[in-house]
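Colleague: Structure, please.
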Amino acid sequence: MARAPLLQLSGISLTFGGNPVFDELDLVVQPGDRVALVGRNGSGKSTLMKVMAGLVEPDKGIRVVPPGVHVGYMEQDPDLSGFATLGDYAASMLPEGEEYKVAMVAEGLKFNPETPVSTASGGERRRAALAKLMAEAPELMLLDEPTNHLDIQAIEWLEEELKGTRTAFVLISHDRAFLRALTRATLWIDRGQIKRREAGFDGFEEWRETVWAEEDEARHKLDRKIKAEAKWAVEGISARRKRNQGRVRALAALRDERSSQIRRQGTAQLELDSGTQSGKRVIEAKGISKIFGDKTIVQNFDLRVQRGDCVAFVGPNGVGKTTLLKMLIGELQPDSGSVQLGTNLEIAVFDQARARLDPNATLWDSLTNDPLMAVSGSSDQVMVRGNPKHVVAYLKDFLFDESQARAPVRSLSGGEKARLLLAKLMALPSNLLIMDEPTNDLDVETLDLLQDILGDYDGTVLLVSHDRDFIDRIATSTIALEGRGRASVYPGGWTDYQNQRVVSGATLTADNSAKSGSSAANVKSDVKKADGLTFTERKRLEALPDLIEKLEAEIGKVSDLLSDPQMFSKEPVKFRKAGEALSERQAQLAAAEAEWLSLAERA
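Modeller: Numbering: from 1, shown residues only. Just a heads-up that it's a prediction; the model follows:
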């Protein structure tokens, strides 16, 4: 016997500020559903979730929840007034004697239930809201960006908890790895309509592109039909005294259909200017240490960052990732050791705290009053990569409507604030980009574009992120801060780090004095002897880092040689031989890295 739906929306229409958000939207959530809710920033995902939770009343339509079904919603900005501690709030709806459930969840989410509400940060409040929802275990959970403000370890804990639950859930997240691991169906909000696919997030992009391609083909056919009918109508005026009025009315109907179609929102016009080329060596840190009170952030740490590197910093919240980042760019002095910055550096910073955004300023003033973007003598122009541009035109590049230009920053969603910060960042030429949690609140399409932009960026990137998929896509090396002053360098992204750190149940630790080269594969790993390798193989494993470092240095020299724009025309033979040498060494490097990884896994 079929079970009744947990939630049903029928004919839902909703308008905000004169603009329709949904129109005749229908939605059903069944028991056991694990649904990804996706769509562009501003498409109405969070609003729809609030309609599902019963917190927003639609203009038209009905919401049906069967008797006995509890729909739980994780609030983005929970109201904690009246509660002394985060634990009091999280346990407020639990039966007496079940408060222990909050403690269990709090341990996995890494927050202290005894924290006073008066001193709790925004992230701690959100984690308390998530703990409240999970402890209550409703029949349907509505999760709006639950991974924001969680570190990777907490995200992985939450992922395992949701995998094991029997509770149905609808999930909004920008974290691709999280969505792929958990969802079995996809709801896609697109221009006020919702489409459902009975498959998880993996493959969503291909489905979306197919839908859009079919839509474009149908629009093209309609345009051709309108053109043909319009030609007949014009020619019919002179060809006959009495025209076919039915056909004329059909043409009018076709034009009405075409004009009623809603155009897809474009993508943000993200662009980075790497400016003046920096020196080859960007950062050289030697023996740096930092202690705050009784907490050791890093101890005797060496690192070399070269031009073109993309270095990701990972680790639990509070372990000191941002502190290490600030030491490496000279904002904070180490207790011991030294940091030397390279030549010709132009640094641009994406701040996770959004400190560069005044919540009370308008978007217009936020750009035009920025001293780094202001155009002398103009109140409506901003300097964008060396050229003046009208502030509204530049805002449109980042998908803001003209009507938003005079709105205060505080009225923006989290994703819109992130886009505004990107607009400020990308107006400036830079060759060293500091990105502290840039992926929070961005939609999948903007993340895709940001990834492509960073992939083509000629400068150097230092990245703090808890987005495993994003790290995998762009990082050339990963620095893992593991607590008690321990910082280890691994070549590659998050998955590479995970594969390398565990060998036969033992953790491979990279030497703290390791240096990060162009791909950071020159890490001198402290590989312990293991029964899985012969004596010769152990010696080879120990020798490979030096070989990799040597090949990277040679590749750097040949690349510098080939960067001379005059070389091809003046010395074609030398240019050809250098190109062949570069290809040969790149192949040797790839083989050496693969051999190192294979031996390390067998160790």
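Colleague: Tyr490: which element?
Modeller: Taking DSSP states H and E as the criterion, Tyr490 maps to strand 486-491.
Colleague: Tell me, domain by domain, which residues of the chain belong where.
Modeller: 216-260, 272-346+429-526, 358-428, 527-602 (automatic domain parsing).
Colleague: Show me how far the second one is from its chain's centre.
Modeller: Okay, so that is domain 272-346+429-526. 17 Å (CA atoms, centre = their mean, to the nearest Å).
Colleague: returning to that earlier point: immediately after the strand holding Tyr490, which helix or strand?
Modeller: helix 494-501.
Colleague: Give me the contact list for that next one.
Modeller: 152, 312, 314, 468, 471-472, 475, 478, 480, 488, 490-492, 507-508, 525, 597, 600-601 (CB atoms under 8 Å, 6 or more residues apart in numbering). Any C-beta I mention is one placed from the backbone N, CA and C, and that applies to glycine too.
Colleague: Now it: average pLDDT?
Modeller: Average pLDDT, helix 494-501: 83.
Colleague: Okay, angle between it and strand 486-491 too, please.
Modeller: 110 degrees (axes from the mean of the first three to the mean of the last three CA atoms, to 10 degrees).
Colleague: separation between the residue sitting nearest the centre point of the chain and Leu303?
Modeller: Centroid-nearest residue in the chain: Thr439, 2.9 Å away (criterion: CA atoms, centre = their mean). Distance, Thr439 to Leu303, using CB to CB, to the nearest Å: 23 Å.
Colleague: Ok, Ala128 next?
Modeller: In terms of CB to CB, Ala128 sits 36 Å off from Leu303.
Colleague: more neighbours, these two?
Modeller: The neighbour comparison of Ala128 against Leu303 (other CB atoms under 10 Å) goes to Ala128, with 31 against 24.
Colleague: contacting residues for the closest residue to the residue nearest to the centre of the chain other than its chain neighbours?
Modeller: In space, and not counting its chain neighbours, Thr439 is closest to Asp467: 4.4 Å by CB to CB, 6 or more residues apart in numbering. Residues near Asp467 by CB under 8 Å, 6+ apart: His174, Asp175, Arg176, Ala177, Thr439.
Colleague: Nearest residue to the first one in space, please, no chain neighbours.
Modeller: Spelled out, it's His174. Leu442 is the one closest to His174 (CB to CB, 6+ apart), at 5.6 Å.
Colleague: what's the burial count for that neighbour?
Modeller: With other CB under 10 Å as criterion, Leu442 counts 23.
Colleague: Gly415 is in contact with that one, correct?
Modeller: Yes: with contact defined as CB atoms under 8 Å, Leu442 reaches Gly415; the gap is 5.7 Å.
Colleague: shared neighbours of those two, which are they?
Modeller: Asn41.
Colleague: The stretch 351-500 of the chain: helices as residue ranges?
Modeller: Using DSSP state H, counting those that start in this stretch, the helices of the stretch 351-500 of the chain run over 363-368, 391-397, 414-426, 444-456, 468-474, 494-501.
Colleague: Switch those over to CSV; also include mean neighbour count and distance to Ala407.
Modeller: Output for the helices of the stretch 351-500 of the chain, formatted as CSV (neighbours: other CB atoms under 10 Å; distance: least, CB to CB, whole Å):
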stretch, mean neighbour count, distance to Ala407
helix 363-368, 21, 6
helix 391-397, 19, 11
helix 414-426, 22, 10
helix 444-456, 17, 20
helix 468-474, 21, 29
helix 494-501, 20, 37
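Colleague: is it possible to export the ones you listed to JSON lines including distance to Met104?
Modeller: Shown next, in JSON lines, are those (distance: least, CB to CB, whole Å):
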{"stretch": "helix 363-368", "distance to Met104": "43"}
{"stretch": "helix 391-397", "distance to Met104": "46"}
{"stretch": "helix 414-426", "distance to Met104": "28"}
{"stretch": "helix 444-456", "distance to Met104": "32"}
{"stretch": "helix 468-474", "distance to Met104": "24"}
{"stretch": "helix 494-501", "distance to Met104": "26"}
